[in-house]
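> need the 3D shape of this:
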Amino acid sequence: MKDIKDVLIVTQARLSSQRVPYKMLRPLGKTNLFELILTKLKASDYIPDSNIYASVYEQELKQQANEVGIKTFMRSSSSATTEGDIKELYSWWDKLPFKYVVLVSGCSPFLKISTIDKFVKAYIEQEEDNLFAVTEKKQYFFNSKGKLITPWPEGFKIMNTKFVEPTYEAAHVLYASRMDLIGKEEFMGDMSKGEVKLFTISEQEAFDIDYEWQFELASDYLRNNL
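This is a model prediction of the structure:
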């Protein structure tokens, strides 16, 4: 079992998104993506405020975090544009005084603070050093050659998703790891070897804004429901 004092809770943000420009601070309903995730983390009854950081480069993002009362880690300009260098992307790994980290995506507006709390609590209580959020699927999947890769339910001649063996899709919203693994470029361990423990969340909470249509859909919903 881990100590909550040793767990960094961090959300990263940048303004250089190409598919949805400026998406973290663009009006989204009556708020914006960045303010939304910051206020959720701030409202947690489980996570201490001292553990929560926003990793940002642009001053507009720093100002937003300050207004909500969230501490900031000032990432480099290169870390706000890089896609592949783990140590650069997560440059806080050896600069903040924590042994573990839970990385929370700010691009999923329907992710609930109760789910974040449950994820953090599950990570603290487990022995494993990693945890990764996924959504459960009961569906038929094929590879690029049209070959069925989902095990066919025994005794059935037609498709029936009720009896398909579940598979799990990466949710890309919650990640947990030992901090030092980032320095070894092994964030969360070797996923290809099945070394990562899974945590199931709802498909709605995993909704990720990566395209304009997703931004508009979320904006319309939040405008009427927030």
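> nearest spatial neighbour of Lys2, chain-adjacent residues omitted?
With sequence-adjacent residues excluded and distances taken as CB to CB, 6 or more residues apart in numbering, Lys2 is closest to Ile124, at 4.6 Å. To be clear about C-beta, it is placed using only N, CA and C from the backbone, and glycine gets the same treatment.
> the one you found belongs to a helix?
Yes. Membership of Ile124 in a helix is supported by DSSP: H, G, I helix; E, B strand; the rest coil.
> oh, and call the first residue 3 from now on, that's how I've got it
Right, with 3 as the first residue, what we last looked at is Ile126.
> quick one: buried residues of the helix or strand Phe121 falls within?
When secondary structure is defined using DSSP states H and E, the element that contains Phe121 is helix 115-127. In terms of neighbour count (16 or more other CB atoms under 10 Å), helix 115-127 has its buried residues at 115, 117-119, 121-122, 125-126.
> can you list these in JSON lines and add distance to Glu156?
Converted to JSON lines, the buried residues of helix 115-127 look like this (distance: CB to CB, whole Å):
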{"residue": "Ile115", "distance to Glu156": "42"}
{"residue": "Thr117", "distance to Glu156": "34"}
{"residue": "Ile118", "distance to Glu156": "39"}
{"residue": "Asp119", "distance to Glu156": "40"}
{"residue": "Phe121", "distance to Glu156": "34"}
{"residue": "Val122", "distance to Glu156": "39"}
{"residue": "Tyr125", "distance to Glu156": "36"}
{"residue": "Ile126", "distance to Glu156": "40"}
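> circling back: and the contacts of the helix holding Phe121?
The contact list for helix 115-127 (CB atoms under 8 Å, 6 or more residues apart in numbering) reads 3-6, 9, 11, 42-43, 45-49, 102, 104, 106, 133, 135, 176, 178, 201, 203-204, 207.
> now the residues you listed: which count as buried?
4, 9, 11, 42-43, 46, 49, 102, 104, 106, 133, 135, 176, 178, 201, 203, 207.
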